[in-house]
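Asker: got a structure for you, letters missing:
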């Protein structure tokens with residue numbers, strides 16, 4: 001995580017939705033770091049207790065869950081682009 005100081009100048013535009021809030025950005029980054037840390041600790045806890053399943057099987061389970069969520073995101077946001085240009089369009 002990098003924390004840098006920049007001078008923020010407000011451009012003269014009609015669109016006020018482009019305003020940046022460095023404090024809100026910092027809070028979002030800190031929340032993302034904390035949730036990532038908690039997720040790692042929770043995943044390790046799940047691996048160490050419960051049914052004794054091999055790490056390979058756990059990785060497959062996790063990847064299938066992640067791929068299904070990713071595909072839902074692709075269908076929800078970029079379905080028309082994928083449909084017209086293909087999945088690996090870049």
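Answerer: That came through fine. Since we're looking at a predicted model, the values are computed, not measured. Residues are numbered from 1 along each chain as shown.

Asker: quick one: contacts for the residue most central in space within the chain?
Answerer: Central residue of the chain (C-alpha atoms, centre = their mean): residue 32, 8.6 Å from the mean position. Residues near residue 32 by C-beta atoms under 8 Å, 6 or more residues apart in numbering: none. C-beta coordinates here come from the backbone N, C-alpha and C atoms, glycine included.

Asker: checking it next. Helix, strand or coil?
Answerer: helix (DSSP: H, G, I helix; E, B strand; the rest coil).

Asker: local confidence estimate at it?
Answerer: Listed pLDDT for residue 32 reads 96.

Asker: try residue 5
Answerer: pLDDT, read off for residue 5, is 66.

Asker: now swap in residue 79 and tell me
Answerer: So, for residue 79, pLDDT stands at 88.

Asker: with residue 56 instead?
Answerer: With respect to pLDDT, residue 56 has a value of 90.

Asker: tell me which residues of the helix or strand where it lies are tucked away?
Answerer: Using DSSP states H and E, residue 56 sits within helix 55-85. Residues of helix 55-85 classed as buried: none (neighbour count, 16 or more other C-beta atoms under 10 Å).

Asker: what's the mean pLDDT across stretch 37-50?
Answerer: Averaging pLDDT along stretch 37-50 gives 85.

Asker: centre of the chain to it, how far?
Answerer: 19 Å (C-alpha atoms, centre = their mean, to the nearest Å).

Asker: contacts only, for residue 51.
Answerer: Applying C-beta under 8 Å, 6+ apart, no residues contact residue 51.

Asker: same question for residue 67.
Answerer: Here residue 67 is in contact with no residue (C-beta under 8 Å, 6+ apart).

Asker: what distance do you get for it to residue 31?
Answerer: According to C-beta to C-beta, to the nearest Å, residue 67 and residue 31 sit 25 Å apart.

Asker: swap in residue 53?
Answerer: Counting by C-beta to C-beta - residue 53 and residue 31 are separated by 31 Å.

Asker: same thing with residue 62?
Answerer: On the measure of C-beta to C-beta, residue 62 and residue 31 end up 22 Å apart.

Asker: same question, residue 42
Answerer: From residue 42 to residue 31 the distance is 16 Å (C-beta to C-beta).
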